[in-house]
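>>> this one's structure only:
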């Protein structure tokens, strides 16, 4: 298998390079681990792939519970079942592994050959068409799909607005689109650049001046424009509208209504919000995921890396992308969020820095990323000025929300944002509207995928917000953040017992980055140890379900080292219950001792269910040839404690462990009965039988 391979089976296409699964041509959301499982099975289609082989391939060097694999297999079954084509794809070989049984075709793409005689962005003009926009001096990289989408939208809509974060390349894309569409407009393509404008009342005058129209007076300016353009077939590009967006919206709506053959392509950090507008959000350039295994060859599959390499090569320093530096270049592009302007600002630093030094220097990116094009606007010559431009357009309360969102790491929900930032100066019922406004202004990214929309800042915006927050003072913000996620993880632990595992992962998995951020703060010199102990004690299930064993152990060891006589018994009990997350080796002697100590603490606290949960682990640790009877006795006690809570995953696991104990004792009928009872609990909880060792698979 190579990075250029694409596998085709049924109505699906699996691209190795893009790490993308399409069903009937539509992208299917699939987690990284599930994708790796599917890729391994498809690459070895027709062969038996054992569970051990899969876990070694997908979690190399990490010991994970088999349940992690089964969760992803269950997710794949659901995804493959959505095709509705009646095809059988995945076969379970009981007790051994899995076999991908559908016919698979392998396509190996070859790089497209280019004709050196044809420039990649050659403009096509007719005898009558004219243009008033700058000639492009560099190649547009990684925007083929975006360019095609703009052309398609303009064929069906007369007003298209490109939105996106500052520096993402909206202007460049607008000009490229205009150049490529010149032949479509008999009266040409015209660019009105509004960035230098500091008076909204001059919008009409700027547009009129570009088009060579002389209004008789300000009051009649729009009427004069509409009259002059009434019969014209042209494309008007209005660039950088965000600081005068209200006036641009008024002018654009009037022209679209009065001029039936006029089309407008606008670019703005927020939409015009007028009837007939079609909005295209311009994304950052694709970057490699953290931890991706990059080489000098496969790193070029990412447009952000392509841009970095082309601009670096143009410096005349002999830069080359190699296997040795590909991972570092990928890291730089990822940390710059794939924003073209940020990459353009970073690359010239290679004149005095190595790529390793440049990567390290991004911690002080606003000092480092300066000195852009001398002909660019001042706000485009430094990364700080670029973001400062958008920040300056916000209201005071919008600024405060943006600043306080810097405490969140990765994406989070509206409920979590409200819980952390709401207060006297920002009432809870106003947070949603303020957040929506920041999304509209392209300062916050909204990801609607999954069961709940999540919101995040680009990394550079987050750095900027932290600077502002430090100036304003972030009193107790970290503590509120840590307390909220400790409470959310406590809720997640309770929900895990009765919620189907795949639903649980979909709901809570994305909180892992905020958990990490809160822990790093809590155990830092200026953090709050008590908050850290609470976070660790509430997060066992999260680490376990995501298979993050080593990371879990790191935080448990750090927390246990901080436990003192003043630590509340409930906190200590939760910390010692970490092995109930099934992350420690089953034969580790400390496993049994800590479980029994935790059970004692839970008993004193009157928490029978959690006492039973850790006794389950202790009993399982004693299911060895020389202590099987002792193990079964402990498991019987655990069963007595957890059964009153009704059907839970802990009850099912306890029944399954008791089945093993009966099997060790030679009681096959008893073992079968307990096993079937365990499966019955899993069925009642909505868990797939293939995830829990069903003999009927």
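Here it is on my side, so go on. Small disclaimer: the values here were computed from a predicted structure and weren't measured.
>>> what number of residues lie near residue 411?
Around residue 411 sit 21 other residues, with neighbours defined as other Cβ atoms under 10 Å. Any C-beta I mention is one placed from the backbone N, CA and C, and that applies to glycine too.
>>> make that residue 622, sorry
Using other Cβ under 10 Å, residue 622 has 19 other residues around it.
>>> how much space between the nearest residue to residue 244 once chain neighbours are set aside and residue 248?
The spatially closest residue to residue 244, leaving aside those adjacent along the chain, is residue 200, at 4.2 Å (Cβ to Cβ, 6 or more residues apart in numbering). Separation of residue 200 from residue 248 (Cβ to Cβ, to the nearest Å): 8 Å.
>>> out of these two, which sits in the more crowded spot?
Between residue 200 and residue 248, residue 248 has the larger neighbour count (other Cβ under 10 Å), namely 27 against 16.
>>> where does the more buried one fall, secondary structure wise?
Taking DSSP states H and E as the definition, residue 248 sits inside helix 245-258.
>>> the helices in the stretch 151-300 of the chain, which residues?
170-180, 203-211, 221-229, 245-258 (DSSP state H, counting those that start in this stretch).
>>> tell me which of the ones you listed sits most buried.
Of the helices of the stretch 151-300 of the chain, the one with the most neighbours on average (mean count of other Cβ atoms under 10 Å) is helix 170-180, at a mean of 22.
>>> so what does that one touch, helix or strand wise?
Applying 3 or more Cβ pairs under 8 Å, 6 or more residues apart in numbering; DSSP states H and E, we find helix 170-180 packed against helix 144-156, strand 159-163, strand 189-193, strand 234-239, strand 262-267.
>>> report the inter-axis angle for the first one versus strand 159-163.
Think helix 144-156. Orientation of helix 144-156 against strand 159-163 (axes from the mean of the first three to the mean of the last three Cα atoms, to 10 degrees) gives an angle of 150 degrees.
>>> what does helix 144-156 contact?
With contact meaning Cβ atoms under 8 Å, 6 or more residues apart in numbering, helix 144-156 is reached by 140, 160, 162, 173, 176-177, 180-181, 235, 263, 265, 278, 280, 282-283.
>>> with stretch 418-435 instead?
So stretch 418-435 is contacted by 397-398, 400-401, 404-405, 407-408, 414, 417, 444, 455, 477, 480-481, 484 (Cβ under 8 Å, 6+ apart).
>>> PyMOL command to pick out the buried ones of the residues you listed?
Burial among these is assessed by 16 or more other Cβ atoms under 10 Å; the matching PyMOL selection reads:
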select buried, resi 398+400+401+404+405+407+408+414+417+444+455+477+480+481+484
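>>> among the contacts of stretch 418-435, name the ones in strands.
residue 455 (DSSP state E).
>>> which regions of the stretch 201-350 of the chain sit below the pLDDT cut-off?
Low-confidence segments of the stretch 201-350 of the chain, defined by pLDDT under 70, are located at 215-220.
>>> and residue 13, which helix or strand is it part of?
Element membership for residue 13, per DSSP H and E: strand 12-15.
>>> packing partners of that strand?
For strand 12-15, the packing partners by 3+ Cβ pairs under 8 Å, 6+ apart come out as strand 5-9, strand 20-23, helix 32-43.
>>> how far off centre is it?
Centroid separation for strand 12-15 versus its chain: 21 Å, with Cα atoms, centre = their mean, to the nearest Å.
>>> show the average pLDDT along that strand.
For strand 12-15, mean pLDDT is 88.
>>> partners of it in the sheet?
Next to strand 12-15 in the sheet, as set by DSSP bridges, lie strand 5-9 (antiparallel), strand 20-23 (antiparallel).
>>> closest to residue 617 out of those strands?
Relative to residue 617, the nearest member of the strands paired with strand 12-15 by Cβ to Cβ is strand 20-23, separated by 36.7 Å.
>>> and that closest one, how far out from the chain's middle?
Taking mean C-alpha positions (Cα atoms, centre = their mean), strand 20-23 and its chain are 17 Å apart.
>>> and what of stretch 32-40?
Relative to its parent chain, stretch 32-40 has a centroid offset of 17 Å by Cα atoms, centre = their mean.
>>> regarding the chain, what is its longest helix?
Longest among the helix segments of the chain by residue count, using DSSP state H, is helix 477-496.
>>> pLDDT weak spots in the stretch 1-150 of the chain?
Using pLDDT under 70, the stretch 1-150 of the chain drops low at 1-4, 25-27, 29-31, 62-65, 82-86, 94, 108-137.
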